[in-house]
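Trainee: The sequence and its predicted three-dimensional model are supplied below.
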Amino acid sequence: MRTTTSRAASLALSLIAFAVALPLLGACQTAPDAATASRSLLPADAAPGTYWQGDRSQAFERAYVVARTPQEWTELWSRVGEPAPADLPGDRMAVGVFLGPRDTAGYGVAIDTVRQEGSDIIVGYHERVPGPAQAVAQMQTSPYAVRLLPKAPGATKFQREK
């Protein structure tokens with residue numbers, strides 16, 4: 001009987017210690033600091049002259065492009081196959097997604113999100129693919145999307161979203 005009482009007392013003490021320690025463990029958690037928090041680099045709506053997309057570029061392969069300098073901006077637009085619509089503003093950078101050649105129409109790409117996570121810039125994009133029953137023109141396309149953003153340092157990573 002004494003052993004059973006000792007076990008019960010020991011279990012009760014363990015439960016009390018756990019109940020006291022649990023809130024203390026929660027207090028040890030910290031909120032993410034500004035260096036690791038994620039923040040969007042896109043405005044609520046795209047202003048005219050900040051976003052371009054189409055289904056006919058000169059890109060001969062899938063490519064992810066970042067332009068921070070006037071020369072990179074010019075090279076980005078040479079992939080599109082058009083002259084740059086304007087000079088790259090000094091406080092801006094551009095990102096571009098090029099899908100490369102497709103045998104039919106109906107394909108597309110859009111840049112949906114751009115966020116800064118720590119020192120990285122994450123570009124979220126999605127691809128549009130024609131469905132099996134969708135009627136599409138039998139013509140070669142090469143979809144692209146280009147977006148201007150506030151200039152930000154860091155490595156740029158592209159992430160396909162569904």
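Mentor: In hand now; what should we look at?
Trainee: How confident is the prediction for residue 39, by pLDDT?
Mentor: Predicted confidence (pLDDT) for residue 39: 77.
Trainee: what's the answer for residue 22, then?
Mentor: At residue 22, the model reports a pLDDT of 37.
Trainee: Show me the shaky parts of this structure.
Mentor: 1-37, 43-46 (pLDDT under 70).
Trainee: in it, which spans are helices?
Mentor: Listed in chain order, the helices found in the chain under DSSP state H are 2-27, 70-80.
Trainee: residues contacting the residue nearest to residue 62 when sequence neighbours are not counted?
Mentor: For residue 62, the nearest residue in space outside its immediate sequence neighbours is residue 100; the separation is 4.5 Å by CB to CB, 6 or more residues apart in numbering. Any C-beta I mention is one placed from the backbone N, CA and C, and that applies to glycine too. If you count contacts by CB atoms under 8 Å, 6 or more residues apart in numbering, residue 100 has them with 59, 60, 61, 62, 63, 142.
Trainee: before we move on, what about residue 53?
Mentor: 108, 109, 110, 111, 143, 144, 145, 146.
Trainee: which of those residues are buried?
Mentor: Of all the contacts of residue 53 considered here, the ones buried according to neighbour count by 16 or more other CB atoms under 10 Å are 108, 109, 110, 111, 143, 144, 145, 146.
Trainee: Write down the beta-bridge partners of the second one, one by one.
Mentor: When bridges are taken as DSSP bridges, the partners of residue 109 come out as residue 127.
Trainee: how near is it to residue 161?
Mentor: Distance, residue 109 to residue 161, by CB to CB, to the nearest Å: 11 Å.
Trainee: what do these two both touch?
Mentor: 125, 126.
Trainee: Where do the strands of the chain begin and end?
Mentor: Under the criterion DSSP state E, the chain carries strands at the ranges 38-40, 51-54, 63-67, 92-98, 108-117, 120-128, 144-150, 156-160.
Trainee: With respect to residue 40, which of the contacts of residue 53 is nearest?
Mentor: residue 111 (12.4 Å; CB to CB).
Trainee: Outline the domain layout of the chain.
Mentor: With domains defined by automatic domain parsing, the chain comprises 1-29, 38-160.
Trainee: which one of those has the most crowded surroundings?
Mentor: Mean neighbour count, computed with mean count of other CB atoms under 10 Å, is highest for domain 38-160 among those, reaching a mean of 15.
Trainee: got the end-to-end distance for it?
Mentor: Counting by CA to CA, to the nearest Å, you get 18 Å between the two ends of domain 38-160.
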